[in-house]
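> For reference, the sequence and a predicted model appear below.
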Amino acid sequence: MSDILDEVRFGVIGTGRITRRLVADIQSTDGAKVTAIASRTSERARWYADQYGIPNGIEGYAKMLARDDVDAVYISLPPSMHGEWSIASANAKKHVLCEKPLTVSLAESEAIDQACSENGVRWLDATGWLHHERSETFARWIQEEKFGKLGHISASVSFYQPFQSGDHRLDPALGGGCVLDLGWYAGGFARFAAGQLPEAVFAEQVVIDGAAQKLTALLWFANNLTATLSCGYDTATRKWFEVAGSESSLICDDFTRPWNDRPARCWIHDAAGSVEQHSFEGHQERRMIRKLIGTEPLAALHRQALDTQQIIEAMQTSIEQKTKVTL
Ligand SMILES: NC(=O)C1=CN([C@@H]2O[C@H](COP(=O)(O)OP(=O)(O)OC[C@H]3O[C@@H](n4cnc5c(N)ncnc54)[C@H](OP(=O)(O)O)[C@@H]3O)[C@@H](O)[C@H]2O)C=CC1
Ligand SMILES: O=C1CO[C@H](CO)[C@@H](O)[C@@H]1O
């Protein structure tokens with residue numbers, strides 16, 4: 001029996017920067033295709049559909065959800081709109097692939113999980129790196145204690161962003177700011193490597209032009225495992241992740257979305273000074289889409305997403321109250 005449904009037809013909501021990448025990823029995934037794209041305006045919907053070879057360009061997101069030729073929805077909107085449209089998609093009996101960050105609060109993320117479960121549809125957040133073969137290998141290595149006893153995790157995620165006016169990343173009302181936008185990657189990696197929620201979190205942000213543009217955080221896990229997170233929009237692409245153990249340390253670069261035309265790398269440094277390089281081929285987004293439209297349980301990925309949302313919420317509380325927050 002195939003682990004993939006015969007053919008899953010995706011509708012896309014939103015026509016932003018990342019959409020064209022994911023549309024191409026869906027179109028090139030076995031068992032998936034894009035049948036419709038919805039925009040706030042008919043002009044943009046039609047232009048986008050023509051440009052990217054999508055059969056239907058639709059004005060208004062709700063109309064997409066009423067279509068019979070859509071089985072799953074990819075939601076590519078500013079973060080404050082993720083909850084509303086994911087839940088509406090689930091209630092319309094469509095599977096949900098929602099961009100990161102899943103939502104702007106743990107309660108809203110849990111509501112997506114509940115709506116999908118009540119409607120018998122599947123959901124994933126579009127956090128591509130989790131699905132790369134490299135990440136799955138890290139999880140196995142950590143499980144096998146390849147690095148010895150874990151002592152520290154470090155995650156740095158930054159992009160140099162010369163913002164254009166109106167960018168949702170600068171608008172707190174749209175879920176903007178790097179605590180959610182980039183903290184999702186860094187906090188998510190810490191949760192992934194630790195395999196659990198932290199016991200406590202302390203975070204600080206730097207606000208520039210009305211939005212958080214830098215984030216620094218400390219996380220404390222059980223058994224004296226600690227993590228440091230550093231995110232920002234003010235330095236050139238910096239996507240380093242490190243897992244340090246009693247015997248060796250794992251370092252990897254280009255973490256969030258390794259380009260498809262070059263291998264994803266990592267290095268293991270041991271106490272004697274030797275360095276081992278590993279390379280992984282593979283297309284993380286296609287693997288992610290196949291998991292969504294497949295039949296394997298997604299509970300562990302849901303837990304990862306909900307825990308990441310909880311870490312972000314704890315960081316937001318810590319920033320607001322200027323105190324260490326216990327989870
Ligand atoms: N997985 C990844 O690697 C990446 C993920 N992302 C995530 O994808 C999502 C979208 O980001 P990005 O593509 O940069 O966003 P854009 O600003 O480029 O696009 C967002 C789209 O949302 C729609 N929209 C609806 N209401 C609003 C509003 N009030 N303001 C702005 N746009 C609105 C618009 O589509 P329309 O007008 O057609 O309806 C717009 O094109 C975010 O959650 C972001 O975090 C971003 C980059 C990479
Ligand atoms: O997820 C993301 C990765 O790339 C961007 C930089 O262009 C981020 O801001 C974004 O939201």
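Structure received. Ligands and ions are numbered 1, 2, ... in the order given.
> CA atoms for contacts and neighbours, from now on please.
OK.
> how about the residues of the stretch 151-300 of the chain near ligand 1?
167-168, 181 (CA under 6 Å from any ligand atom).
> Closest residue of the stretch 201-327 of the chain to ligand 1?
Arg257 (6.1 Å; CA to the nearest ligand atom).
> and that residue, which of the three is it?
Following DSSP: H, G, I helix; E, B strand; the rest coil, we place Arg257 in the coil state.
> That one and His278, how far apart?
17 Å (CA to CA, to the nearest Å).
> Looking at those two, which one has more neighbours?
Arg257 (16 against 12; other CA atoms under 10 Å).
> Not counting sequence-adjacent ones, nearest residue to that one?
Nearest residue to Arg257 in three dimensions, chain neighbours excluded: Trp129, at 6.1 Å (CA to CA, 6 or more residues apart in numbering).
> contacting residues around stretch 6-22?
23, 26, 31-40, 44-45, 48, 52, 61, 64, 69-77, 285, 293 (CA atoms under 8 Å, 6 or more residues apart in numbering).
> Selection in ChimeraX covering whichever of these are buried, please.
Typed into ChimeraX, the line below selects the buried ones among the contacts of stretch 6-22, using 16 or more other CA atoms under 10 Å:
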select :23,26,31,32,33,34,35,36,37,38,39,44,45,48,61,64,70,71,72,73,74,75,76,77,285,293
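> Return the distance of Ala202 relative to Gly195.
Heads up, residue 202 is Phe, not Ala. For Phe202 relative to Gly195 (CA to CA), the value is 19 Å.
> Hmm, I typed the wrong one, I wanted Gln316.
In terms of CA to CA, Gln316 sits 21 Å off from Gly195.
> more neighbours, those two?
More neighbours surround Gln316 than the other of Gln316 and Gly195, with 20 against 15 (other CA under 10 Å).
> show me what contacts the more buried one?
Contacts of Gln316 (CA under 8 Å, 6+ apart): 179, 203.
> pLDDT wise, what is it at?
According to the predicted model, the pLDDT of Gln316 comes to 98.
> Can you read off the backbone torsions of it?
phi -60, psi -40 (degrees, to the nearest 10).
> can you tell me the residue of this protein closest to ligand 1?
With CA to the nearest ligand atom as the measure, Gly16 is the residue of the chain nearest to ligand 1, at 3.0 Å.
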